[in-house]
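Engineer: Below is the sequence, then the predicted model.
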Amino acid sequence: MFLSSRRRAIMLVTAYYSTIRTEQQKQQDYMNVHFIAIGGSAMHNLAIALHLKGYNVSGSDDEIFDPAKSRLQHYGLLPQELGWHPERITRNLDAIVLGMHARQDNPELLKAQELGLKIYSYPEYLYEQSKDKTRVVIGGSHGKTTTTAMILHVLQHVGMEADYMVGAQLEGFEVMVRLSETAKVMVIEGDEYLTSPIDRRPKFHLYKPNVAIITGIEWDHINVFPTFDIYKDQFAQFVNLIEPGGTLIYCNDDKEVADVALKNQRTDITKRPYDVPEHKVENGVTYLNTIPLRVFGRHNLLNMTAARYACNALGVTDAQFDQAIQSFGGASKRLELVKRTEDCAVYKDFAHAPSKLRATISAMKDQYPQRKLVACMELHTFSSLTAEFLKQYAGTMDKADIAFVYYSQHALQLKKLPDLDPEQVRQSFANEGLRVFTNSAQMVEELKKMQWQESNLLMMSSGNFDGIDFAALAEELLK
């Protein structure tokens, strides 16, 4: 039976465009992307995400530590040998992704520049992958990871597909970066640190959000932003980068954030302030109205409200949000429970900046008002180990019943900073009862001497107190 000419023409055109789509898909699947400094915490996650998307991924680094090493090895992406290998940089590469760990004179970078290859920073490549999606970007000096995690948890619960980049391993999510062709939404944790060795813009200035969140502003990264005004201005610029018709969700409870939002004169965006919602604490459980929560603390309630407004902007109702958020257990190392008994609990937290210490300690005291709180904090970041910045910590540990601060002389040497005197540290915290340690083993021995009935232990650091096994310590203290 003969086909009509019209029908035959339609079939030929359909077959033609189908072939084009197939070829485009093949080109995408065989994109060759090379990572310079693949071992970084963000970089290795992006490499894995592209690998899972079907790209051909290669990479190099002069040092790779766990968990990046194990995770890259699991996906077959671990470089066979450490070091830089400019001979591997060829015209066959479609893109180079440059990590912060690399230097401007990196031999692979120089070869890529010589060949005229397309070089992206990490955030540039994330934007490239998400420029046709609705981008939700969470910025702020604290609370970024938790707020991002809350949004993703709710979207997953209601069945809304989303790509994402988050700064911690989340329960229920295989990787920390997801990129797809199908998701119409991208949720991005927006770090204000520098983009790359050859691009000195803050990362979150590159994402051009449709929905932007600012959780808080407190001076950080003193090595990059030498004054608070310079640091604060990065958030003012962030607001100006919101796409026309977009939304700014901001913490009205933070006077610096409110100041940035109110001084902005844009009339083409919607501004939605948020504060702490009504809640109560009963028998060690925080309730949002009648909804029991697994997380606690004033800062988490603020983060939760920011997440609610972001989800609302994506079409999630309050009822859906309330149903989903009940099962949110927190992001890794963010007020993470290590071990508990009937009258004692051990928590670890990523807190290291002054506002984070204050918020986390307050949360513990509010949740367990009858228990003694022992709070241990490690000075680990460049800012926290700088004598001038240390003054920002005054009063931050006052709510703890017993306060310990630890720092490593070796960390000072690695960051090429002058020595700190323990008495100088104690005076900076303005806490007469504070004890300062430069040996983590001695601090642990002091903890082991204590009685832990009706007491809680809170360990706060962006590091690990020079290798303390938190689980083993909790087991020994609570046995």
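Structural biologist: That came through, no problem. Numbering: from 1, shown residues only.
Engineer: just the helices in the stretch 351-479 of the chain please.
Structural biologist: With DSSP state H, counting those that start in this stretch, the ranges of helices along the stretch 351-479 of the chain come out as 354-367, 387-390, 409-414, 422-429, 440-448, 470-477.
Engineer: Dump the C-alpha coordinates for stretch 67-80 into PDB.
Structural biologist: Extracted as PDB, the C-alpha positions of stretch 67-80 are listed here (Å, rounded to 0.1, in the frame of the first residue of the first chain):
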ATOM      1  CA  PRO A  67      36.500  11.400  51.300                       C
ATOM      2  CA  ALA A  68      37.300  12.800  47.800                       C
ATOM      3  CA  LYS A  69      39.900  10.000  47.100                       C
ATOM      4  CA  SER A  70      37.500   7.100  48.000                       C
ATOM      5  CA  ARG A  71      34.600   8.700  46.100                       C
ATOM      6  CA  LEU A  72      36.600   9.400  43.000                       C
ATOM      7  CA  GLN A  73      38.000   5.900  43.100                       C
ATOM      8  CA  HIS A  74      34.400   4.400  43.500                       C
ATOM      9  CA  TYR A  75      33.400   6.100  40.200                       C
ATOM     10  CA  GLY A  76      36.600   5.300  38.300                       C
ATOM     11  CA  LEU A  77      37.700   9.000  38.300                       C
ATOM     12  CA  LEU A  78      40.700   8.900  40.600                       C
ATOM     13  CA  PRO A  79      43.900  10.000  38.700                       C
ATOM     14  CA  GLN A  80      46.400   7.100  38.300                       C
END
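Engineer: circling back to that earlier point, most tightly surrounded among the helices of the stretch 351-479 of the chain?
Structural biologist: For the helices of the stretch 351-479 of the chain, the largest average neighbour count (mean count of other C-beta atoms under 10 Å) is found in helix 354-367, namely a mean of 22. Just so you know, the C-beta spots here come from the backbone N, C-alpha and C atoms, and that holds for glycine as well.
Engineer: Just the angle for that helix relative to helix 422-429, thanks.
Structural biologist: When axes from the mean of the first three to the mean of the last three C-alpha atoms, to 10 degrees is applied, the directions of helix 354-367 and helix 422-429 differ by 70 degrees.
Engineer: Confirm His153 sits in a strand?
Structural biologist: No: the secondary structure assignment for His153 gives helix rather than a strand, going by DSSP: H, G, I helix; E, B strand; the rest coil.
Engineer: Next, count neighbours for the closest residue to it other than its chain neighbours.
Structural biologist: Taking C-beta to C-beta, 6 or more residues apart in numbering as the measure, His153 lies nearest to Phe328, with 4.8 Å between them; neighbours along the chain are not counted. The burial count assigned to Phe328 is 22, neighbours taken as other C-beta atoms under 10 Å.
Engineer: Tell me the confidence at Gly59?
Structural biologist: Gly59 carries a pLDDT value of 97.
Engineer: partner residues bridging Tyr250?
Structural biologist: Taking DSSP bridges as the rule, Tyr250 bridges to Ile214, Pro273.
Engineer: So it sits against Val260, correct?
Structural biologist: Yes: counting by C-beta atoms under 8 Å, Tyr250 touches Val260, with 7.5 Å between them.
Engineer: Can you pull the residues that touch both of these two?
Structural biologist: Between them, Tyr250 and Val260 share these contacting residues under C-beta atoms under 8 Å, 6 or more residues apart in numbering: Ile214.
Engineer: Those two: which is more packed in?
Structural biologist: Neighbour comparison, Tyr250 and Val260: the larger count goes to Tyr250, with 28 against 22 (by other C-beta under 10 Å).
Engineer: check contacts around the more buried one.
Structural biologist: If a contact means C-beta under 8 Å, 6+ apart, then Tyr250 has 213-214, 257-258, 260-261, 271-274 as its contacts.
Engineer: Please, a PyMOL command that selects the buried ones among the residues you listed?
Structural biologist: Here is the PyMOL command that picks out the buried ones among the contacts of Tyr250, judged by 16 or more other C-beta atoms under 10 Å:
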select buried, resi 213+214+257+258+260+261+272+273+274
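Engineer: Show me which residues of stretch 444-460 are buried.
Structural biologist: Of the residues in stretch 444-460, 444, 447, 452, 455-460 count as buried by neighbour count, 16+ other C-beta under 10 Å.
Engineer: Just want the most central residue of this structure.
Structural biologist: Centrality entry for the chain: nearest residue to the mean C-alpha point is Gly167, 2.9 Å, by C-alpha atoms, centre = their mean.
Engineer: Look at that one and give its secondary structure.
Structural biologist: The three-state label for Gly167, taken from three-state DSSP, comes out as coil.
Engineer: and it, how far is that from Val187?
Structural biologist: Using C-beta to C-beta, to the nearest Å, Gly167 is found at 12 Å from Val187.
Engineer: shared neighbours, the two?
Structural biologist: Counting by C-beta under 8 Å, 6+ apart, the shared contacts of Gly167 and Val187 are Thr148.
Engineer: Tell me how many other residues surround Ser41.
Structural biologist: A total of 13 residues lie near Ser41 under the criterion other C-beta under 10 Å.
Engineer: Does it touch Asp66 like I think?
Structural biologist: No: judged on C-beta under 8 Å, Ser41 makes no contact with Asp66 at a distance of 11.1 Å.
Engineer: Report pLDDT for Gln129.
Structural biologist: 94.
Engineer: Please report how far it lies from Tyr407.
Structural biologist: Applying C-beta to C-beta, the value for Gln129 to Tyr407 is 39 Å.
Engineer: Where does pLDDT dip in this structure?
Structural biologist: Within the chain, the segments meeting pLDDT under 70 span 1-30.
Engineer: Do I have it right that Ile96 meets Asn32?
Structural biologist: No: look at Ile96 against Asn32 with C-beta under 8 Å: they stay out of range, at 10.1 Å.
Engineer: which one of the two has more residues nearby?
Structural biologist: Of the pair Ile96 and Asn32, Ile96 is the one with more neighbours under other C-beta under 10 Å, namely 22 against 13.
Engineer: give me phi/psi at the more buried one?
Structural biologist: Dihedral angles of Ile96 (phi, psi; degrees, to the nearest 10) stand at phi -110, psi 130.
Engineer: List the residues that contact it.
Structural biologist: The contact partners of Ile96, by C-beta under 8 Å, 6+ apart, come to 33-36, 89, 108-109, 112, 117-120.
Engineer: Closest to Asp349 out of the residues you listed?
Structural biologist: Nearest to Asp349, judged by C-beta to C-beta, of the contacts of Ile96 is Phe35 at 30.4 Å.
Engineer: three-state assignment of that closest one?
Structural biologist: The three-state assignment at Phe35 reads strand, by three-state DSSP.
Engineer: count of residues packed around Arg91?
Structural biologist: Here the neighbour count serves as a burial measure; for Arg91 (other C-beta under 10 Å) it reads 8.
Engineer: Let me see the contact set for the residue nearest to it when sequence neighbours are not counted.
Structural biologist: Of all residues not flanking Arg91 in the chain, Leu115 sits nearest, at 5.9 Å (C-beta to C-beta, 6+ apart). Listed by C-beta under 8 Å, 6+ apart, the contact partners of Leu115 are 89-91.
Engineer: Same check on Phe204?
Structural biologist: Taking C-beta under 8 Å, 6+ apart as the definition of contact, the neighbours of Phe204 are 123, 137, 139, 190-192, 234, 238.
Engineer: If we use 6 Å, what do you get?
Structural biologist: In this structure, Phe204 makes contact with 139, 190, 192, 238, judged by C-beta atoms under 6 Å, 6 or more residues apart in numbering.
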